[in-house]
Each structure stands twice: as C-alpha cells, then as structure tokens.
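1. build the 3D model from these lines:
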Amino acid sequence: MARVCAVSGKKNMSGNNRSHAMNASRRQWKANLQKVRVVDEEGNITRVLVSTRALRSGLVKRA
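-> Next up, the predicted model:
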C-alpha cells in the first residue's frame, strides 16, 4: 500500500543527507499520515490514511 494522503495527495519527499564534509547520501522525509475512520459522500465509513495537515484544517469528516 502506497503511503499517500487520501485527501491532499501528500507522499514521501526525497533528498540528500549532508555531512559536515558535504558528502551526499540519499534519504526520505516521510509524510505524517494517520489512519482515520472517515465518512465518505455516500455515508459509508472507511479507514484511510490522512495527513495531519488535512485533519487540522477540517478537510475530513471523521466517523
């Protein structure tokens, strides 16, 4: 299962770790996703991954 926000589409970002000697090694920043029970348009309750930003801004109707 891909770790992607069901509302905003946020997913992992990638970049470099940089040491003091400026050596580069690849790394990932993981999105802060929470498993939440959500009521969809038809009134069904489903469990989806939602970012904390989407939860705090009220984009999701929780069950």
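
2. any idea how far Val60 is from the residue located most distally from the centre of the chain?
-> Within the chain, the residue lying farthest from the chain centre (C-alpha atoms, centre = their mean) is Ala21, at 32.1 Å. Look at Ala21 and Val60: by C-beta to C-beta, to the nearest Å, they are 44 Å apart. Heads up, the C-betas are built off the backbone N, CA and C, glycines and all.

3. how about Asn12?
-> According to C-beta to C-beta, Asn12 stands 20 Å off from Val60.

4. between these two, which has more neighbouring residues?
-> Val60 (20 against 12; other C-beta atoms under 10 Å).

5. thought the more buried one was touching Val38?
-> Yes. The criterion here is C-beta atoms under 8 Å, and Val60 meets it with Val38 at 5.6 Å.

6. list the residues that contact both of those two?
-> Val50 (C-beta atoms under 8 Å, 6 or more residues apart in numbering).

7. in the chain, which spans are helices?
-> 52-56 (DSSP state H).
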